[in-house]
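In: from the sequence below, what's the structure:
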Amino acid sequence: QRQAIDELATPIAVRAGQELIREGRIGKEFGVLLDGSATVTVDGEPVATLSAGDHFGEMALLDGHGAGGAATPAASGRRLTEGAHVLRASGASTSMSDLSAKLEHVEFPDIEFATTPDGVRIAYQRWGEGPPLIVCPQIISNVEIHNEHEYYRRAREHVGRFMTCVEFDKRGIGLSDRIDGELPDIETRMQDITTVMDAVGWESAHFWGISEGGMLGQLFAAEYPERVRSLALVNTFVPRRYRPRVVQHYRHGVDPFPLDEDGIRQRFGAIAETWGVDANAQGEWEIPSKAGDASFVRWMARVQRSAATASDFLRQLDNIISLDAGDAPERIAVPTLVQHVQGDPVLTVAMGRLLAELIPDAEYHEIEGDDHFSWVLPNWRDVMDRYVEFAIGVRPDRATTRSFGTVLFTDIVGSPSRSAALGDARWGEL
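Out: Purely as a prediction, here's the structure:
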C-alpha cells in the first residue's frame, strides 16, 4: 500500500499564496491537501476554505468519472493561505476510497534544541514512529528546511513510516549555535551526539551516518557500543591510516578517480566561490542526476545560505578533514551496514568496499547511480528500503505495475461552467 501511493502521486511543498488551480484552466492534476489550508475562489470571490484531507482537481484521474473535485474544481481557483504540503497526482487508476486508505502522512514537529555541557545548543527534529534512529547528516544541513523539497521530504517520510527519527544539525551548522574560535575536536562531536540522545530520552538507538556523519558514526559505535543498536554508513570514508589501501579496491576505468584531501579542498573551494547564490558547481559535482533540475539547484542555494556562510563552511570543511577515527572500524562490534553509490564523485566507492572489509561482519550494499547525496537518486528507494530491512527486519512492500495502452482523450465543451452550476453529485450522474 505504501508503495502504491508512492507510485500514484508525489508530495510537494507549496508556499503561502501559491496558486494551485486557476479558474477556467483545463484540469490535468488531482491533489490532496496534507496540511495547511487553501482558499477556493470563483470569479475572484472566496467561496470556501480547504483544510488537511480535502482534495481538489481532476477527479477523472482517479475514478474515471467526469470533472470533479472538492468544490467546482475546473471553474475555481485555489490558493494557499498558509504554507502546506500537497499530494499531487498526474494520473492514476485507483478509486478515491483506495487513495484515502493508503494515504499515510508523516508529521514533522517543530524544531527542538539540546544544550551540551559547554553550553552549545544543538538543533534537532524528531519525526516518525517505530524503533529509534539517530541521523547524523552531511556537512551541509538545516533540519528546518529539509522538508521543503520533495526529494528530501519523500526519503525522510519513507523512513519515518517505520522508525522514530531524530536528525540534528552539527554545532556551527544550520540552526545549531555558531562556533567562535577553535573548532571542536572529535570527542566534542561525540558528546554532541550523546547530548541529543539524552534530550530525547534514548539510552540506545540505531545510527545512520551520512558522508562525514558516517565517520563520526564509526567512532561513536566503537566508543559507545551500548548506545548503538545498529550502524549504517552511507557514502562515507575510512580513517587516514587505511587510505593507502583504498587503491586496492579501486576499479580502473569503472569507478570515479579517488580524490585526495587537496582535491577535495579544491572542489569545495569552487563551490564556496558562488556559495548561496549559484549552486550549480555543487549540483554538477555532487548531484549530477539533478544538475539539470533548475528548481532543485535553486533550492540547494537556499540550503547553502541556511546552513552556513561560505567562510564558516570552509572552516567546517577543514575541521572535518582533520578529524580522524583511528582504528574505530576494526573495533566496531554492532551490526553494521555499509552503503555506497558506485559512481559517487566525492568519496570513491573504493572506500566503501574497504570499510566493509575492515568492520567485522559488516554487510555491504553497492548502489547504482552517480550522486553523493543518495536520497535524491532516481532509485532512492533502493537505499532506503535496504536500510529499513537491515535495521528492523522489515522490507517495505513494492507493488509497481507497468502497462502500455492507447489513451483516447475527449473534452465536453462548456463543461467547467456546467459542472460549477450543477455541483459534483449531479455532474457525476450526468
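
In: confidence score at the residue lying closest to residue 304 once chain neighbours are set aside?
Out: Taking Cβ to Cβ, 6 or more residues apart in numbering as the measure, residue 304 lies nearest to residue 276, with 4.8 Å between them; neighbours along the chain are not counted. (Each C-beta comes from the backbone N, C-alpha and C, glycine too.) Looking at residue 276, its pLDDT is 95.

In: give me the below-cutoff pLDDT ranges for the stretch 51-200 of the chain.
Out: Along the stretch 51-200 of the chain, segments meeting pLDDT under 70 span 57-105.

In: ranges for the helices of the stretch 251-400 of the chain?
Out: 261-273, 280-286, 294-307, 310-322, 328-331, 349-358, 380-392 (DSSP state H, counting those that start in this stretch).

In: for residue 113, give its distance to residue 274.
Out: 31 Å (Cβ to Cβ, to the nearest Å).

In: where's the residue nearest the centre of the chain, which helix or strand?
Out: What sits nearest the mean C-alpha location of the chain, by Cα atoms, centre = their mean, is residue 152, with 2.2 Å. Element membership of residue 152, judged by DSSP states H and E, is helix 150-160.

In: surely the residue nearest to the centre of the chain and residue 375 touch.
Out: Yes. Using Cβ atoms under 8 Å, residue 152 is in contact with residue 375, at 6.7 Å.

In: how deep is residue 167 tucked in, by neighbour count?
Out: Residues within reach of residue 167, counting by other Cβ atoms under 10 Å, total 22.

In: use 11 as the first number for this chain going forward.
Out: Sounds good: first residue 11 from here, last item residue 177.

In: beta partners of the residue lying closest to it once chain neighbours are set aside?
Out: Nearest non-adjacent residue to residue 177, counting by Cβ to Cβ, 6+ apart: residue 145, 3.9 Å away. Listed by DSSP bridges, the beta-bridge partners for residue 145 are residue 177, residue 218.

In: identify the residues contacting residue 145.
Out: Residue 145 makes contacts with 175, 176, 177, 178, 218, 220, 223, as judged by Cβ atoms under 8 Å, 6 or more residues apart in numbering.

In: make TSV out of the residues you listed and add distance to residue 353.
Out: Shown next, in TSV, are the contacts of residue 145 (distance: Cβ to Cβ, whole Å):
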residue	distance to residue 353
175	27
176	30
177	25
178	29
218	21
220	17
223	20
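
In: what's the closest of the residues you listed to residue 347?
Out: residue 218 (9.2 Å; Cβ to Cβ).

In: so what's that closest one up against?
Out: 143, 144, 145, 146, 227, 242, 244, 397.

In: how near is the nearest residue to residue 237 once chain neighbours are set aside to residue 204?
Out: Nearest non-adjacent residue to residue 237, counting by Cβ to Cβ, 6+ apart: residue 214, 4.9 Å away. Using Cβ to Cβ, residue 214 is found at 11 Å from residue 204.

In: which residues do those two both contact?
Out: Common contacts of residue 214 and residue 204 (Cβ under 8 Å, 6+ apart): residue 237.

In: quick check, residue 371 in contact with residue 346.
Out: Yes. If you go by Cβ under 8 Å, residue 371 and residue 346 touch, sitting 7.5 Å apart.

In: pick out whichever of these two has more residues nearby.
Out: residue 346 (25 against 10).

In: so what pLDDT did that one get?
Out: 97.

In: show the contacting residues for it.
Out: 231, 240, 241, 242, 243, 369, 371, 372, 373.

In: the fourth one against residue 402, yeah?
Out: No. The pair residue 242 and residue 402 fails to qualify as a contact (Cβ under 8 Å) at a distance of 11.7 Å.

In: between the two, which is the more surrounded one?
Out: The neighbour comparison of residue 242 against residue 402 (other Cβ under 10 Å) goes to residue 242, with 26 against 16.

In: locate that one within the secondary structure: which element?
Out: Residue-wise, residue 242 maps onto strand 238-244 under DSSP H and E.

In: ok, residue 321 - how many residues close by?
Out: 10.

In: now it: how far from residue 354?
Out: 27 Å.

In: residue 217 now?
Out: 20 Å.

In: what do you get for residue 129?
Out: Distance from residue 129 to residue 354, by Cβ to Cβ: 37 Å.

In: what of residue 147?
Out: 16 Å.

In: looking at these two, which has the bigger crowd around it?
Out: Between residue 147 and residue 354, counting by other Cβ under 10 Å, residue 354 is the more crowded of the two (26 against 22).

In: I'd guess residue 229 is in a helix, am I close?
Out: Yes. Counting by DSSP: H, G, I helix; E, B strand; the rest coil, residue 229 is found in a helix.

In: mind listing what it touches?
Out: Residue 229 neighbours (Cβ under 8 Å, 6+ apart): 196, 200, 335, 336, 338.

In: pull the most distant pair out of those.
Out: 200 and 336 (12.6 Å).

In: and residue 163, how many neighbours?
Out: Using other Cβ under 10 Å, residue 163 has 21 neighbouring residues.

In: not including adjacent chain positions, what is the nearest residue to it?
Out: Excluding the flanking residues, the one nearest residue 163 by Cβ to Cβ, 6+ apart is residue 157, at 4.6 Å.

In: ok, back up a step: mean pLDDT for the helices of the stretch 261-410 of the chain - can I get that in a markdown table?
Out: Shown next, in a markdown table, are the helices of the stretch 261-410 of the chain (pLDDT from 0 to 100):
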| stretch | mean pLDDT |
| --- | --- |
| helix 271-283 | 93 |
| helix 290-296 | 94 |
| helix 304-317 | 94 |
| helix 320-332 | 90 |
| helix 338-341 | 97 |
| helix 359-368 | 96 |
| helix 390-402 | 95 |
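
In: indicate which one of those helices is closest to residue 167.
Out: Closest among those, using Cβ to Cβ: helix 390-402, at 10.1 Å.

In: name the helices or strands packed onto that closest one?
Out: Under the contact criterion of 3 or more Cβ pairs under 8 Å, 6 or more residues apart in numbering; DSSP states H and E, helix 390-402 touches helix 160-170, strand 238-244, strand 346-351, strand 373-377.

In: just want the angle from it to strand 373-377.
Out: Interaxial angle, helix 390-402 versus strand 373-377 (axes from the mean of the first three to the mean of the last three Cα atoms, to 10 degrees): 170 degrees.

In: specify which member of the contacts of residue 218 is nearest to residue 379.
Out: Among the contacts of residue 218, and counting by Cβ to Cβ, the member closest to residue 379 is residue 244, at 12.0 Å.

In: distance between the ends of stretch 216-235?
Out: End-to-end distance of stretch 216-235 (Cα to Cα, to the nearest Å): 11 Å.

In: sorry, slip of the keys, the one I care about is stretch 407-418.
Out: Per Cα to Cα, the first residue of stretch 407-418 is 32 Å away from its last.
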